[in-house]
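J.: 3D, please:
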Amino acid sequence: MERKTSKVCSHCQTEKPTTEFYRGSVDGWRSRCKPCHIAAVADTTARRKARDPEAFRTRRAQIERLSYRRANRTQT
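T.: Numbers count the residues shown, from 1 in each chain. Predicted coordinates:
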């Protein structure tokens with residue numbers, strides 16, 4: 001089987017080397033290139049944060065809450 005060395009991004013429609021794509025999907029590479037994927041994730045994060053800023057928490061706060069719960073869990 002021949003290995004692909006380039007692929008067309010489904011978002012920007014530019015042919016790029018496969019090193020510009022994350023691994024995954026049917027052909028072994030994601031459909032969007034890394035820059036388009038990063039932009040899409042940033043856009044989604046911004047929209048979620050704007051929609052409900054109170055519910056949007058940092059990973060650090062989540063870790064601290066989990067640590068507190070584990071430390072204060074009652075033994076049964």
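J.: Show the average pLDDT along the host helix or strand of Arg60.
T.: Using DSSP states H and E, Arg60 maps to helix 59-71. Helix 59-71 shows a mean pLDDT of 83.
J.: Please tell me how far it is from the chain's geometric centre.
T.: Helix 59-71 sits 22 Å away from the centroid of its parent chain (Cα atoms, centre = their mean, to the nearest Å).
J.: Give me the contact list for that helix.
T.: Helix 59-71 has contacts (Cβ atoms under 8 Å, 6 or more residues apart in numbering) with no other residue. Just so you know, the C-beta spots here come from the backbone N, C-alpha and C atoms, and that holds for glycine as well.
J.: any idea of the mean pLDDT for the longest strand along the chain?
T.: Assignment by DSSP state E gives strand 29-33 as the longest strand of the chain. The average pLDDT within strand 29-33 is 94.
J.: Which neighbours in the sheet does that strand have, and how are they oriented?
T.: Strand 29-33 has the following sheet partners, assigned by DSSP bridges: strand 21-23 (antiparallel).
J.: and Tyr22, how many neighbours does it have?
T.: With neighbours defined by other Cβ atoms under 10 Å, the count for Tyr22 comes to 13.
J.: Centre-most residue in this structure?
T.: Val41 (5.9 Å; Cα atoms, centre = their mean).
J.: what's Arg23 in contact with, if anything?
T.: Arg23 makes contact with 29-30 under the criterion Cβ under 8 Å, 6+ apart.
J.: For it, give the beta-bridge partners.
T.: Beta-bridge partners, per DSSP bridges, of Arg23: Trp29.
J.: Pro17 contacts Val8, doesn't it?
T.: No. In this structure Pro17 lies outside contact range of Val8 using Cβ atoms under 8 Å: 11.4 Å.
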